[in-house]
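A.B. asks: below are the sequence and a predicted model; questions follow.
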Amino acid sequence: MQKQFEMAGASPAALPLSSSSTHWRGVALVVAAGVVASLQVGKVAIAVPQLRADFGLDLSMVGWLMAMFSLLGVAGAVPVGAWVARAGDRRLVLAGLLAIAAGSTAGALANGMAMLLAGRVVEGLGFVLITIAGPSVLQRMVSPGGKDLAFAIWSCFMPAGIAIALFSGSLLDGWRGFWLGNAALAALLALLLLLGVSRGAASAAPVSWHSMARDAAATAKAGAPALIAASFVIYSLQFFALFSFLPVLLIERMGVGMAAAGSLSAVACCVNVAGNLAAGVLLKRGVARWLLAAVASALMGLSAIGIFLPVLGAVPAFLLCLAFSGAGGLLPATLIGTSPIVSPNARLVPMSMGLLMLGSNLGQMIGPVIVGGAVDSMGWAAAAVIVALAGASGVLLALGLRRSMARSGHPL
């Protein structure tokens, strides 16, 4: 068998895995692709002052640069989920990395807003391809006993990438070099992934809008996938409601400078990574999935009250930010790891992940808008109410997930 693959040009590292083994080097490469994708989310935030100076951008245009990924995620999550089986998951991850390399290069060379925005559109397409196809690669590379840990590691990609962008971007002189560095990193990782990750079997079944709608409806009708997507809307709304405004909040509440606010925000992102990894350990030890989701939602909602209301001092409020971030990390790892389990069948796993990412991007898009408008109108107390109510909704969704999984016979 190995000789046949070598004759076909596949390296030994790219050989398919048995169901009882886990290719952790391949897992590391796929997770690295996710981190590179999320670097493109965080790099704009740290470059805002330079972008405004170079292009004369107002905050509205900066908002478009930052919101582009969410808009593409909302529009493209389900179509990409339907296309994964047809095109092959590894091929789409590779295409995503190459799109990021091309888009980031175009952005670095941009001499106007139009080209910069076009580069962001291409990067955003790469982000959607990687974040939806990546879990499909992991699903077939990891043994059943290692799936919870593997998906917990995968779920760290967003906070890890944002934190790295905040740290490293602030050390570089000029945003264009940072953009080119991202392009080179994405291209290098594409080469490593091509050599180190096996190809998935591509389906010969045609993909049409009708089949896509049918698969999406079948997945949502199963109940649990739709509840997971809704839970991710709530989680992303809460997470980005805080982290979109955390530097401003730290400056106003703690009186720190912009650089310190960026560093403290990055520290809070890193705590979210720890929460994701903790979820993987807890799931492996048999803690109920719905319970982790419920506890995380409740802790985020309760922490938000102390964060946004001016009832605590600066240091306790920041400690609550860390608690908010750490507790929140339990949710994505739990939900991403549960999504393949509750999919109606193996073929629809990418569609389940597409619905989940649709929820993630929807919450990421509406959270800052709702909270920002409420804070402008009524002050920070309004943010406390919104995030606390979202936390309560998350608890109810977790209870609904418990009922749905019990009804379907899935392990809780």
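C.D. replies: Done, it's in.
A.B. asks: so how many other residues sit close to L116?
C.D. replies: Close neighbours of L116, defined as other Cβ atoms under 10 Å, add up to 22. Glycine gets a C-beta too; all of them are placed from N, C-alpha and C.
A.B. asks: which residue would you name as the spatial centre of this structure?
C.D. replies: Geometric centre of the chain, nearest residue: M158, 4.6 Å, by Cα atoms, centre = their mean.
A.B. asks: so what's it scoring on pLDDT?
C.D. replies: We note a pLDDT of 86 for M158 in this prediction.
A.B. asks: same check, this time on I234
C.D. replies: So I234 comes in at 92 (pLDDT).
A.B. asks: now it: closest residue in space that isn't a chain neighbour?
C.D. replies: Among residues not flanking I234 along the chain, G394 sits closest, at 4.4 Å (Cβ to Cβ, 6 or more residues apart in numbering).
A.B. asks: what's the helix or strand for that neighbour?
C.D. replies: helix 380-408 (DSSP states H and E).
A.B. asks: centre of the chain to that helix, how far?
C.D. replies: On the basis of Cα atoms, centre = their mean, to the nearest Å, helix 380-408 sits 19 Å off its chain's mean C-alpha point.
A.B. asks: now that helix: mean pLDDT?
C.D. replies: 89.
A.B. asks: export stretch 256-266 as CSV, just CAs?
C.D. replies: The C-alpha coordinates for stretch 256-266 follow below in CSV (Å, rounded to 0.1, in the frame of the first residue of the first chain):
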residue,chain,number,x,y,z
VAL,A,256,-3.5,53.2,31.2
GLY,A,257,-2.0,54.3,27.8
MET,A,258,-2.8,52.8,24.5
ALA,A,259,0.2,50.5,24.4
ALA,A,260,-0.6,49.1,27.9
ALA,A,261,-4.2,48.7,27.0
GLY,A,262,-3.2,46.6,23.9
SER,A,263,-0.9,44.4,26.0
LEU,A,264,-3.5,43.8,28.7
SER,A,265,-6.1,43.0,26.0
ALA,A,266,-3.6,40.5,24.5
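A.B. asks: now it: buried residues?
C.D. replies: Using 16 or more other Cβ atoms under 10 Å as the test for burial, stretch 256-266 gives 256, 261-266.
A.B. asks: which other residues reach it?
C.D. replies: Contact partners of stretch 256-266, identified using Cβ atoms under 8 Å, 6 or more residues apart in numbering, comprise 46, 162-163, 166-167, 170, 243, 246-248, 250-251, 254, 318.
A.B. asks: confidence score at L282?
C.D. replies: The model's pLDDT for L282 equals 91.
A.B. asks: can you tell me, leaving aside adjacent residues, what's nearest to it?
C.D. replies: Leaving aside its chain neighbours, L282 sits nearest to L292 (6.3 Å; criterion: Cβ to Cβ, 6+ apart).
A.B. asks: what does A392 give?
C.D. replies: Nearest residue to A392 in three dimensions, chain neighbours excluded: G301, at 6.0 Å (Cβ to Cβ, 6+ apart).
A.B. asks: okay, the one you found: pLDDT?
C.D. replies: Note on G301: pLDDT of 93.
A.B. asks: do G76 as well
C.D. replies: 79.
A.B. asks: oh, and call the first residue 665 from now on, that's how I've got it
C.D. replies: Yes, from this point I'll number from 665; that puts the last item at G740.
A.B. asks: re the thing from before, by contact count, what packs against the helix or strand where the residue nearest to A1056 lies?
C.D. replies: Assigned by DSSP H and E, G965 belongs to helix 953-972. On a contact count with 3 or more Cβ pairs under 8 Å, 6 or more residues apart in numbering; DSSP states H and E, helix 953-972 meets helix 888-907, helix 922-948, helix 978-1006, helix 1044-1072.
A.B. asks: in CSV: the ones you listed, plus distance to G776.
C.D. replies: Shown next, in CSV, are those (distance: least, Cβ to Cβ, whole Å):
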stretch, distance to G776
helix 888-907, 29
helix 922-948, 27
helix 978-1006, 36
helix 1044-1072, 35
